[in-house]
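Asker: Following is a predicted model, sequence given first.
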Amino acid sequence: MHKKQFIILFTFIAGILACNKDVIDAVITFTSPKHFPTPVYNFSNNQITKAKFELGRKLFYDPILSADNTISCGSCHIQTSAFTHHGHTVSHGIKDRLGTRNSPPIMNMAWNTSFMWDGGIVDLDLLPIAPITNHVEMDENMPNVLEKLRKSNIYPGLFKKAFGTETITGNDFLKALSQFMLMCVSANSKYDSVQQNLASFTTEEKTGYTIFTQKCGTCHKEPLFTDFSFRNNGLAPSLVNDLGRYPITNQPSDQYRFKVPSLRNLSFTAPFMHDGRFFTIDAVLDHYSNGMVVLPNLDPSFQQGNQLGIPLTTQEKTALKAFLKTLDDRSFLLNSMLSEQ
Amino acid sequence: MKKILFATIVVATALTSCKKDSNTPEYNSTQKGLISVEFDNVVGSADLQLNTGTYTNSSNQAYKVTKLKYFVSNFKFTAADGSIYTVPQDSSYFLLDESVTGKQEAKMRIPEGEYKAVTFTLGVDSLRNTKGVTERTGDLDVTGAASDMYWSWNSGYIFFKFEGTSTAVTGMMAPVFQIHIGGFGGYSTATANNLRTVTLDLSTRGTAKVKASKTAGVAVHTLVDLNKVFTGTNTISLATSSMIHSITAGVPVAANLTGVFSHDHTHN
């Protein structure tokens, strides 16, 4: 009798565990948060599956993608920094070569209409080729990456599991990487909870939110906190003289214009701006209130009347910072599904 | 003697007319035959010798060629009656490469008929430049065949890649020159469009008579004269234009590119 009960109990527990495993397997699907707009990415060409996502994750963290097998995507896109390179104005690629731009977060990619600070890439699937082939980043070439994967002991099997064939193609490689990046969704901040009536702002956060919507929200449009436009925000050109979007379009009006970045997870993504010139949020706010320089393409929103920049009092800055903190999403940083396994 | 001569003429005439009769093909447009458009890369009146040949452009600058790759696509053939056959787009992209045997021609199957002109795009059309990775296969594979014919940082194909060395080049990269022409018009912001449409008239130097029975196909032999990259609409000097890696910088060169192609003869 006792033994029988034990068996029943054991079977029951085993059943639950099995169930749980199934549930975990099934969980790897892309879900658009209720308060987010419709994703831009065309999922019909690349349905998320567990095997494809896991292959993408493995590739993301594998330095085999770089010329000397030392740098992975994850080297400069670190999860605990919301997939940026915390503390680096610009990142160092292979052989410690330095780039000219700050590593952007890999976050909410499905909603991006273009990628990189200059928007030179519009298709997420084509994005990885840029860092892989960039001389100062991974300095590889795509045929060689694929050849290395084909010769490895593990990848043919993983590609078969994901795509049904051991033949490794560039298309499947790129789609797997996209799957990982697409799953990097950050939508679980306090702000998000407030939007869903699951939490409420403190008085200071609320004040900050009001200031934000009045003075910042046009460019940093909710709920993604960017309108994906390209703007000149009055940064004095550095010695690098990065012309921003200009090399992409060759339009003089695009000189010194950069993509408006999202403000989500700001606490973890310093330094700020396209070249990482500001180390703190305070420095950023000071720039907007009284640090701008007038350039030919300075965004009109910073030239209201005789006022250059955005007028902000010290109290307003404090409230703004309190609000911006509500955009931090620690669960995103700690989500083990997105971590190197 | 006179009689013999007369007889000879009669026989010869008969033979000639016989030959003429058998040589007038009857085309069955429901059948397709093989046509190859051959791109013979030359400099002036000399066949291009990659790496070894030294040539002189219109600015009297000596140069060698180390790399020549370009896309030809979207072929159309104009029949003698004026009708136009457009090759299905998926079979109509060719990445040509001077350094690879067999990569100097575009082979297609088109309906039987006599064709008096061929039209193609130098480059990859704007629509295909915006397609997803699944529609970039074969010569268009940016992770394979086209991996060095693609600007990853400003997503788009390089249409025409012409590299070499010249004593006229100065600066950090001397003596290397790199002329990379791309730019399909832009995704969201309009940029210069460096795509070129080339039409070659075949009527003076030999129409293409395509028949399914010709298993070896017919070959339209075109010459691609690299010296004409430097001249035509604009004079391009290697002293001032040795590094061309952007859409706008490529505009003056692209203006010359239609003049690079000419029809030489046709093998029927």
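Answerer: Everything's here; your move. Since the structure is predicted, the reported quantities are computational estimates derived from the model, not experimental observations. Residues are numbered from 1 along each chain as shown, chains lettered A, B, ... in the order given.

Asker: Which residue does the stretch 151-300 of chain A have closest to chain B?
Answerer: Scanning the stretch 151-300 of chain A for proximity to chain B using Cβ to the nearest Cβ identifies residue A:170 as nearest, at 2.5 Å. (Glycine included, C-beta is placed from N, CA and C.)

Asker: That residue contacts residue A:141, correct?
Answerer: No: with contact taken as Cβ atoms under 8 Å, residue A:170 and residue A:141 are classed as non-touching, separated by 11.3 Å.

Asker: So between these two, which is more surrounded?
Answerer: For the pair residue A:170 and residue A:141, the greater number of neighbours falls to residue A:170 (23 against 16), based on other Cβ atoms under 10 Å in any protein chain shown.

Asker: coming back round to it: model confidence at the residue of the stretch 151-300 of chain A closest to chain B, what's the number?
Answerer: Per-residue confidence at residue A:170 stands at 97 (pLDDT).

Asker: From residue A:55, how far off is it?
Answerer: Distance, residue A:170 to residue A:55, by Cβ to Cβ, to the nearest Å: 14 Å.

Asker: got it, and residue A:338?
Answerer: Per Cβ to Cβ, residue A:338 is found 14 Å from residue A:55.

Asker: do residue A:241 as well
Answerer: 40 Å.

Asker: Between the two, which is the more surrounded one?
Answerer: Neighbours around residue A:241 and residue A:55, counted as other Cβ under 10 Å, are more numerous at residue A:55. The numbers are 24 against 9.

Asker: wait, what's in contact with the more buried one?
Answerer: Taking Cβ atoms under 8 Å, 6 or more residues apart in numbering or on different chains as the definition of contact, the neighbours of residue A:55 are A:158, A:159, A:161, A:162, A:176, A:179.

Asker: how about the residues you listed in JSON lines, adding neighbour count?
Answerer: Putting these into JSON lines (neighbours: other Cβ atoms under 10 Å in any protein chain shown) gives the following:
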{"residue": "A:158", "neighbour count": "20"}
{"residue": "A:159", "neighbour count": "23"}
{"residue": "A:161", "neighbour count": "15"}
{"residue": "A:162", "neighbour count": "21"}
{"residue": "A:176", "neighbour count": "26"}
{"residue": "A:179", "neighbour count": "28"}
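
Asker: So which of the residues you listed sit within helices?
Answerer: With helices taken from DSSP state H, the overlap with the contacts of residue A:55 comprises A:158, A:159, A:161, A:162, A:176, A:179.

Asker: Enumerate every residue touching the last one.
Answerer: Under the criterion of Cβ under 8 Å, 6+ apart, the neighbours of residue A:179 are A:46, A:48, A:49, A:52, A:53, A:55, A:56.

Asker: quick one: the last one is in a strand?
Answerer: Meaning residue A:56. No: the assignment for residue A:56 (DSSP: H, G, I helix; E, B strand; the rest coil) gives helix, which keeps it out of a strand.

Asker: In three-state terms, label residue 118 for me.
Answerer: Going with chain A. Reducing the assignment to helix, strand or coil with three-state DSSP, the entry for residue A:118 is coil.

Asker: should've been chain B
Answerer: strand.

Asker: Which residue lies closest in space to residue A:28, excluding its sequence neighbours?
Answerer: The spatial neighbour of residue A:28 that comes closest, neighbours along the chain excluded (Cβ to Cβ, 6 or more residues apart in numbering or on different chains), is residue A:50 at 4.4 Å.

Asker: next one: residue B:114
Answerer: Once its chain neighbours are removed from consideration, residue B:114 has its nearest residue in residue B:80; the separation is 4.4 Å (Cβ to Cβ, 6+ apart).

Asker: pretty sure that neighbour contacts residue B:115?
Answerer: Yes: with contact defined as Cβ under 8 Å, residue B:80 reaches residue B:115; the gap is 7.2 Å.

Asker: between these two, which one's more packed in?
Answerer: Shown here are residue B:80 and residue B:115; by other Cβ under 10 Å, residue B:115 has more neighbours (25 against 16).

Asker: How much space separates the more buried one from residue A:329?
Answerer: When Cβ to Cβ is the yardstick, residue B:115 and residue A:329 sit 63 Å from each other.

Asker: now swap in residue A:237 and tell me
Answerer: Here residue A:237 is placed at a distance of 33 Å from residue A:329 (Cβ to Cβ).

Asker: between those two, who's got more neighbours?
Answerer: Set residue A:237 next to residue A:329 and count neighbours by other Cβ under 10 Å: residue A:329 wins out with 23 against 14.

Asker: mind listing what that one touches?
Answerer: Under the criterion of Cβ under 8 Å, 6+ apart, the contact partners of residue A:329 comprise A:82, A:186, A:187, A:188, A:189, A:192, A:264, A:265.
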